[in-house]
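S.K.: what's the 3D shape of this:
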Amino acid sequence: MPSKMPFPTKTAGHSVLVSWVSSICQTARGYGVDPFPVLAKCGLDARLLHMPDSRFPLEGVRRLWEELIQATGDPLFGLQVGREIQASALQGLGLAMISCGSLSDLMMIMVRYCRIISTTMRINFDHPPELKGTKLVLSSDHGSEHMNAARLAILAFIYRQACSLSQHPVKPVGVTLSMADCGGISRLDDYFQVSVNTGCEKDSITFSYADTIEPYAGANPRLMDMSTSVAGRYLNHLNHLDIVSRADTLIQEELKTGEPRLQAVADKLHLSPRTLQRRLRENGHSFNSLLDSIRHDMAHNLLMHSDLSITEIGFRLGFSDLSNFIRACHRWFGCTPLQHRGNSVLISI
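M.R.: Predicted coordinates for the structure are as follows:
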């Protein structure tokens, strides 16, 4: 039976599977780096490493990548993570991978379920007409990790699984990386067994058609179906929770042009306003409370860390009337915007 993937705890914002982070930490130990102080520095609770189906906030994990690349002194730390991580660490998703029937199945699983690893990860198929093969193209929402380390790790992981499951070396048709050449191109060439192109527009790996359809001796269709079913339920629930981060992002975009409206945000999410409100309530929010929280954080940051005028800040927060912004500051901070800005000067002194 496949490992059960408990539904993730409610997490506002994008997140990363803890067992993936645990594997990153295990790789760091191989460099002689103790990951626990680094986790603490990045605001990540090490106790969650004993709860492999929990999730860490994205920003903390991205900082972890940067800190560990610096601590190890290896700009290709992501490559090492990808060559060491075990599929079993990914719970039901890993079981689906190791029981799949071909490289084509393996790629499809990663395309459909990669967001279980990170909610910002995107993998898509591309079938370039000039190549007789299938290309996987990786991308990530809202920026990227330092040195694009996570995407490099995923590419290295997929390639290693392709070789392991076929029980012989599989030579890609091509590999492209968006990261700049950091002096380790020979390591990349040696690992992927092909000349890797860096500084490209996309992170991708292309396999020949013959390799994608080769049947795997260890295929277990029933186990793969059961495992993908578990992974699918987990991902559906994760998508349900992710409604908060998606609405958060759209509200911030709407603020650039004025006061955000429920109908406009719901339309962009392809939901009715009633459905959006219901799904936000299920995650402890409402549209107005989410908007108010975003405005609060933006007001504090702009008042404390910019020299914008009070009027300009009010407009950036979507207030058409300055008096409404002032009343909101009284509610948030117990004082006027100018007084709150003055408090930052006193604190710095």
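S.K.: contacting residues for Ile85?
M.R.: 20, 23, 27, 153, 157 (Cβ atoms under 8 Å, 6 or more residues apart in numbering). Every C-beta, even on glycine, is put in place using the N, C-alpha and C of the backbone.
S.K.: Which of the helices or strands spans the fourth one?
M.R.: This means Ala153. Using DSSP states H and E, the element containing Ala153 is helix 149-166.
S.K.: list the buried ones in that helix?
M.R.: 149-162, 165-166 (16 or more other Cβ atoms under 10 Å).
S.K.: Okay, strands next: where are they in this structure?
M.R.: 15-17, 55-57, 121-126, 133-140, 174-176, 203-208 (DSSP state E).
S.K.: Against which helices or strands is the fourth one packed?
M.R.: What that stands for is strand 133-140. When contacts are defined as 3 or more Cβ pairs under 8 Å, 6 or more residues apart in numbering; DSSP states H and E, strand 133-140 packs onto helix 103-113, strand 121-126, helix 149-166, strand 203-208, helix 209-213.
S.K.: With distance to Val244 and mean pLDDT added, can I get those in TSV?
M.R.: Shown next, in TSV, are the helices and strands packed on strand 133-140 (distance: least, Cβ to Cβ, whole Å; pLDDT from 0 to 100):
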stretch	distance to Val244	mean pLDDT
helix 103-113	21	94
strand 121-126	18	92
helix 149-166	22	97
strand 203-208	28	96
helix 209-213	37	93
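S.K.: So for Ser227, which of these sits nearest?
M.R.: Nearest of the helices and strands packed on strand 133-140 to Ser227, taken as Cβ to Cβ: helix 103-113 at 8.8 Å.
S.K.: What number of residues are in the vicinity of the nearest residue to Asp292 once chain neighbours are set aside?
M.R.: Computed as Cβ to Cβ, 6 or more residues apart in numbering, the closest residue to Asp292 that is not its neighbour in sequence is Ala328, at 7.9 Å. Neighbour count for Ala328, taken as other Cβ atoms under 10 Å: 18.
S.K.: Is it correct that Ala328 is in contact with Arg295?
M.R.: Yes. With contact defined as Cβ atoms under 8 Å, Ala328 reaches Arg295; the gap is 6.7 Å.
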